[in-house]
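Trainee: have a look; sequence and predicted model below, questions after that.
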Amino acid sequence: MTAATRNEKHIRSASQVLYLALELGVEEWKLAFITDLEAKPRVRIMPARDLQRLVKEVATAMRWFGLPDSSRVRSCYEAGRDGFWLHRYLATVGIDNRVVDSGSIEVNRRQRRAKSDGLDARKLVTMLVRYHAGESRVWSVVRIPTVEQEDRRQLHRELRMLKQDRVRVTNRIRIGSEGYWQHRGYGCPKYGTWAPWLKSSVMGWQPAPRRVASPLAARVGTRSVLVYQDS
């Protein structure tokens with residue numbers, strides 16, 4: 001059976017299915033609804049992570065397309081910062097969801113598209129219809145980890161972010177003080193002694209300003225403990 005034949009059969013049988021693609025942003029989500037490849041997508045924008053609004057939009061879309069309340073709902077979104085909590089929520093409200101690997105999505109090679117660019121919800125929802133019509137190669141579906149597995153992954157992400165923050169804060173201190181201290185013949189302290197040095201240092205003739213030293217000392221000290229405990 002060819003892809004065209006599969007799509008034709010699926011269009012005839014998909015009238016009882018509502019397809020939804022979610023484009024997840026930091027401040028807002030874009031939703032694209034469709035019933036088949038011939039229909040014009042219904043696009044809605046809503047505040048990010050407003051789950052009650054999401055359920056209402058699904059119900060409104062069913063009425064918009066003339067679907068009965070018992071119709072199935074299939075959805076998808078690209079894997080990213082939001083992780084898998086949304087997938088688990090959609091499952092609890094009876095929505096058949098797929099989390100898609102954005103790097104596997106087919107794109108027009110003639111169009112320039114940054115690797116980090118999110119796919120438009122309209123394009124994503126048409127690909128969802130094709131996927132359920134049998135074109136499994138349009139993308140790769142991400143395997144959903146358990147809550148415990150995702151929690152373990154988060155620990156590694158936090159450690160990586162803390163190490164990056166350690167470098168950033170250290171460079172900030174060095175830029176602001178290294179030249180000053182070397183000019184006066186003082187040695188610049190090593191990373192492990194930043195916190196006590198900031199609290200007790202005397203900058204030639206006066207103590208380090210409290211509003212500068214205290215926050216930096218607190219941040220460096222906290223991150224020093226967290227990073228070196230896991231190192």
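Mentor: Cool, the structure landed.
Trainee: quick one: low-confidence parts of this protein?
Mentor: Within the chain, the stretches falling below the threshold (pLDDT under 70) are 1-15, 106-119, 153-154, 156-157, 172-231.
Trainee: mind running it again at 90?
Mentor: Counting by pLDDT under 90, the ranges of the chain that qualify are 1-16, 39, 69, 80-83, 102-120, 136-137, 145-231.
Trainee: where exactly do the helices run in it?
Mentor: 3-13, 51-64, 85-92, 121-132, 147-183, 194-200, 210-230 (DSSP state H).
Trainee: outline the domain layout of the chain.
Mentor: Here the domain parsing of the chain from automatic domain parsing is 3-144, 152-230.
Trainee: for stretch 47-63, which positions count as buried?
Mentor: 49, 54, 57, 58, 61, 62 (16 or more other Cβ atoms under 10 Å). C-betas here are computed from N, CA, C, even on glycine.
Trainee: do you know how far the residue lying closest to the first one once chain neighbours are set aside is from residue 78?
Mentor: Closest residue to residue 49 apart from its sequence neighbours, by Cβ to Cβ, 6 or more residues apart in numbering: residue 29 at 7.8 Å. Using Cβ to Cβ, to the nearest Å, we find residue 29 at a distance of 12 Å from residue 78.
Trainee: what sits in contact with each of the two?
Mentor: Listed as contacting both residue 29 and residue 78 by Cβ atoms under 8 Å, 6 or more residues apart in numbering are residue 23.
Trainee: gap between the spatially closest residue to residue 40 that is not a sequence neighbour and residue 140?
Mentor: Spatial nearest neighbour of residue 40, chain neighbours left out: residue 34 (8.0 Å); criterion: Cβ to Cβ, 6+ apart. Going from residue 34 to residue 140 by Cβ to Cβ gives 22 Å.
Trainee: quick one, which of the two is more surrounded?
Mentor: Counted by other Cβ atoms under 10 Å, residue 34 and residue 140 do not tie: residue 34 has more neighbours, with 24 against 14.
Trainee: right, and that one touches residue 17 too?
Mentor: No - assessed by Cβ atoms under 8 Å, residue 34 is found out of contact with residue 17, at 9.6 Å.
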